[in-house]
Structure formats: C-alpha cells, structure tokens
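Asks: attaching a predicted model along with its sequence, questions to come.
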Protein chains: 2
Amino acid sequence: MRLHGFFRSGASYRVRIALALKGIPFDQTSYVLRKGEQRSPAYLKMNPQGLVPALELDDGTVLTQSLAILEWLEETHPEPALLPRDPLERARVRAFALAIACDVHPVQNLLVLNAVRKLGQTDEQVNDWAKRVNADGLAACEQMLAGTKGPFCFGAKPTMADICLVPQLVNARRFGCDVSGLTRLLEAEAACLALPAFAGAAPERQPDAE
Amino acid sequence: MRLHGFFRSGASYRVRIALALKGIPFDQTSYVLRKGEQRSPAYLKMNPQGLVPALELDDGTVLTQSLAILEWLEETHPEPALLPRDPLERARVRAFALAIACDVHPVQNLLVLNAVRKLGQTDEQVNDWAKRVNADGLAACEQMLAGTKGPFCFGAKPTMADICLVPQLVNARRFGCDVSGLTRLLEAEAACLALPAFAGAAPERQPDAE
C-alpha cells in the first residue's frame, strides 16, 4: 500500500497510526500542502477533493477520507480492533472521532485558514481563529469522556477516538492553544504515545518532515 | 426514540431520513439554532458539543454526531441497508458521506458563518463564503461519482451517501449556489425525493418549520 499524505496533515497522521496499529507496511508519497501539490492534475485524478490522505492499494484502487479508510482497515484487517464490539460503545467512539474530524479539524485546516486570511485578517487573527476552534472543540471532547475509564479515551485499548485525538492535540499546540486543563485527553494521549505505533507515526518522525 | 434537532439543520435531516428509511418511529424536540437553544445547560448535559442532532433512546441513552448515529442504526437495525456489503464499496460510500460531513457542512454552518461575520464581513460576504464552500465541495462530490451507476449515488438503492447529499443540496440552494451542472448529484437527488422516507424528512415538512 502507498499512503499519499503529508507529515503535518492531521488526517494523514490518523491513517499512519491505524496502519501501524494493524501492522500493515506501507510506502509514502508526500505532498507539500502550502505549495498546493495536492491540487496537481495527477493527484486530483486520484482524489477529486484535492485533499490528503489517499490510500493506494497494490492493485491501484484509491481510498480517500481518513475515517472511511479507518473503517475499511477495520473491516479488512480486524485485529487489533479499533472499535469496541458493542454497538452503543462503537457509537460513542465514532461520535468522539467525528467531533474532531467534522467539527474541529476541517474548520482549522490550511484551506479554511487561507480563506480567513483572504478576508483581510492578519496572521495573528488567523491564528486566533484556529486556536479558538481547537480550544472549543477539544473542551467539548473532554466533556464527552466524562465517566469513561482510562487510560485511553474509551478504556484499556486505543480506538478510532484516540487516533483522531492525538493528531488534533499536535495541531492545537501548534496554534498555541493551552490544553493543560484537558486532563482526560492528556491521559489518553500519554497512553497512546507510549505505543510504538503512535510514536512512530508522529509528524517529526516522517521522511518528509521539515 | 426522540430526535433532538431542528428542521433546517442538515445533520438532523440526515438522521430523519435514516430513521424513516429504517421504518423507526420517533418524536422530535426542536432547538432554534439562531436563538442558541442548543447551548442551554439542559441540552449541553445531553450533548457537550452544543450541536444538533442528538438521538435519545427510550432508556435515556443519548447518541450524538449524525454519522455515528447512522452507523449505529445500521448495526442495530440492518434492514434496509444504508451501506453496501463489500468493504471497498462501503469505503466509497463513506468517503462520499464524509466529504460532505467533514469538508462542506461544518465549514458553512451557522457557527462558522457567525465567526466569519464577526471578522467584520457583510451579509453578502458571509453568504459568498457559504456559497463557495458548497460549490467547491459539491463539484468534488460530483467527480467522486464518476463511473458509478445511478440512479442513486452508488447504484440502485439509497445509501449514507444519498442521506448526506440531499440535505447538502438544500443548503447549497439556500445560499444561492448554482447546482444545475451537477447532473449525477441531481439524478441521485431526484431518485431520493421520489421516496417517501426522503420526502417526509424534508425541512419544510417538519413540525417546527417556520
């Protein structure tokens, strides 16, 4: 398999973690997002959204959207599981993952920040936008874990929730967001980063890291 | 079951369609979003994100995030299926649904438009933002259906892709987005709206419609 992504892309980071947890080897092709390499005609043929990541299978089939890729990995490589078995618990894990993937990540990604900048905002104002989106979103995520057991988001094993959380915390800090009060999220992050699959997927450990 | 939502909320609309397709009766509680009713302390206890929809089960359990609710419905009420059986086809349907749920809908929702307005933008500029997000996003969705069979997004039956598409087209038109060139999307929409489950879930058919 080949992961088309970028070291700093949070959505690519999710897929790197999942592939590593499942023990699936993969190659990487890097697209420098701020140079718009993900909008080249060749890449748009693979993914008309012009977004990373895309996962190219050995037969040339291309999958897009990180959470759809995670679900596909779960269905085709079930062990270790990234979702609990009980439908209600699965719904909680997915809701947490989607709270990040829908309501935090896309509202603070490069595309939207560039659009905010085009409205005449300074770099500081653009950063404030991203900081606020992360602060509000992650505060809600902390509440979503109220009453859950640690050390991971939902118990003793990492799930899709943790796979979305860890990259988002990297983003939050990059924008200067104070995450020190989010104790359950930080507990889950620490448990994740103790695992080689998470640690090895970190942006700074990728071949295209700048 | 009780759906906590709002007639005009695209994410609530998705859940209304899915419940109707599955033949599950439900009651509704309405939250007027522009009045901030979804941020009342009582609602925040149910959903710390302060977003609609939330699905309250008969035992008081609350599920949030529309796509997590759809997956839960699919797992607990499998017929009629909202996803194909083949993992690769499921990945395609989910990618299309997520392209709307992650990259279009949240970037043009009330929360973000209010944030754009606060940057000193006029009503027209705010509308242009929403229009552009819908136009770009739906154009990519049209491309994602290249080579697929109709009349629905992915063949002869409606899936989660159609459930996300139909509400988004309502939004797109509301912002004045010209969707007339998106022929595959319009074909799928027409097939959907011929079904009572989709037609009955439309915003204007809800008890709280203004």
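Replies: Yes, it's here.
Asks: A:Arg174 - how many residues pack around it?
Replies: 16 (other CB atoms under 10 Å in any protein chain shown). For the C-beta atoms, the positions are set from N, CA and C on the backbone; glycine is no exception.
Asks: A:Ile17 - nearest residue in space that isn't next to it in sequence?
Replies: A:Ala201 (4.5 Å; CB to CB, 6 or more residues apart in numbering or on different chains).
Asks: contacts only, for the one you found.
Replies: Contacts here follow CB atoms under 8 Å, 6 or more residues apart in numbering or on different chains; on that basis A:Ala201 touches A:Tyr13, A:Arg16, A:Ile17, A:Ala20.
Asks: do the same with A:Leu55
Replies: Counted by CB under 8 Å, 6+ apart, A:Leu55 has contacts A:Met1, A:Arg2, A:Leu3, A:His4, A:Val15, A:Phe26, A:Val62, A:Leu63, A:Thr64, A:Ile69.
Asks: just those residues now: which is nearest B:Cys177?
Replies: Nearest to B:Cys177 among the contacts of A:Leu55, counting by CB to CB, is A:Thr64 at 22.7 Å.
Asks: let me know the pLDDT of the closest one.
Replies: pLDDT, the model's per-residue confidence, is 98 for A:Thr64.
Asks: could you list the low-confidence segments of chain A?
Replies: By pLDDT under 70, chain A has no low-scoring segment.
Asks: domain ranges for it, per the record?
Replies: With domains defined by automatic domain parsing, chain A comprises A:2-80, A:87-198.
Asks: just the contacts of A:Ala201: which are in helices?
Replies: A:Tyr13, A:Arg16, A:Ile17, A:Ala20 (DSSP state H).
Asks: can you redo these as JSON lines with neighbour count?
Replies: Conversion of the ones in helices among the contacts of A:Ala201 to JSON lines gives the following (neighbours: other CB atoms under 10 Å in any protein chain shown):
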{"residue": "A:Tyr13", "neighbour count": "27"}
{"residue": "A:Arg16", "neighbour count": "27"}
{"residue": "A:Ile17", "neighbour count": "27"}
{"residue": "A:Ala20", "neighbour count": "18"}
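Asks: which of the residues you listed lies closest to chain B?
Replies: Comparing the ones in helices among the contacts of A:Ala201 against chain B with CB to the nearest CB picks out A:Tyr13 as the nearest, at 15.2 Å.
Asks: ok, A:Leu70 - contacts?
Replies: A:Arg14, A:Val15, A:Ala18, A:Leu82, A:Met160, A:Ile163.
Asks: give me the subset of those residues that also touch chain B.
Replies: Near chain B, taking CB under 8 Å from any CB of the partner chain as the test, no member of the contacts of A:Leu70 is found.
Asks: between the residues you listed, which is nearest B:Met46?
Replies: Using CB to CB, these come closest to B:Met46 at A:Met160, 22.3 Å.
Asks: next, count neighbours for the nearest residue to A:Gly10 once chain neighbours are set aside.
Replies: Spatial nearest neighbour of A:Gly10, excluding adjacent residues (CB to CB, 6+ apart): A:Pro167 at 3.8 Å. Look at A:Pro167: counted by other CB under 10 Å, it has 26 neighbours.
Asks: what helix or strand is the most far-flung residue of chain A relative to its centre on?
Replies: Within chain A, A:Gly120 marks the point farthest from the mean C-alpha position, 28.8 Å out by CA atoms, centre = their mean. Assessed by DSSP states H and E, A:Gly120 sits outside every helix and strand.
Asks: quick one, what contacts it?
Replies: A:Gly120 makes contact with B:Leu119, B:Gly120, according to CB under 8 Å, 6+ apart.
Asks: ok, 10 Å please
Replies: Counting by CB atoms under 10 Å, 6 or more residues apart in numbering or on different chains, A:Gly120 makes contact with B:Leu119, B:Gly120, B:Gln121.
Asks: try A:Thr183
Replies: A:Glu142, A:Leu145, A:Gly150.
Asks: list the buried residues in the longest helix seen in chain A.
Replies: In terms of residue count, the longest helix belonging to chain A (DSSP H) is helix A:123-144. Within helix A:123-144, the residues scored as buried using 16 or more other CB atoms under 10 Å in any protein chain shown are A:126-127, A:129-131, A:133-144.
Asks: redo the contacts of A:Ala201 as a markdown table? Include distance to B:Val112.
Replies: Compiled in a markdown table, those are given as follows (distance: CB to CB, whole Å):
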| residue | distance to B:Val112 |
| --- | --- |
| A:Tyr13 | 23 |
| A:Arg16 | 28 |
| A:Ile17 | 27 |
| A:Ala20 | 33 |
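Asks: just give the closest residue to A:Leu193, not the sequence neighbours.
Replies: That would be A:Ala199: by CB to CB, 6+ apart, it lies 5.6 Å from A:Leu193.
Asks: just give me the neighbour total for the one you found.
Replies: 14.
Asks: OK, contacts around it?
Replies: A:Ile17, A:Ala20, A:Val166, A:Cys192, A:Leu193, A:Arg205.
Asks: so how far is chain B from it?
Replies: Look at A:Ala199 and chain B: by CB to the nearest CB, to the nearest Å, they are 26 Å apart.
Asks: and that residue, its phi and psi?
Replies: phi -60, psi -40 (degrees, to the nearest 10).
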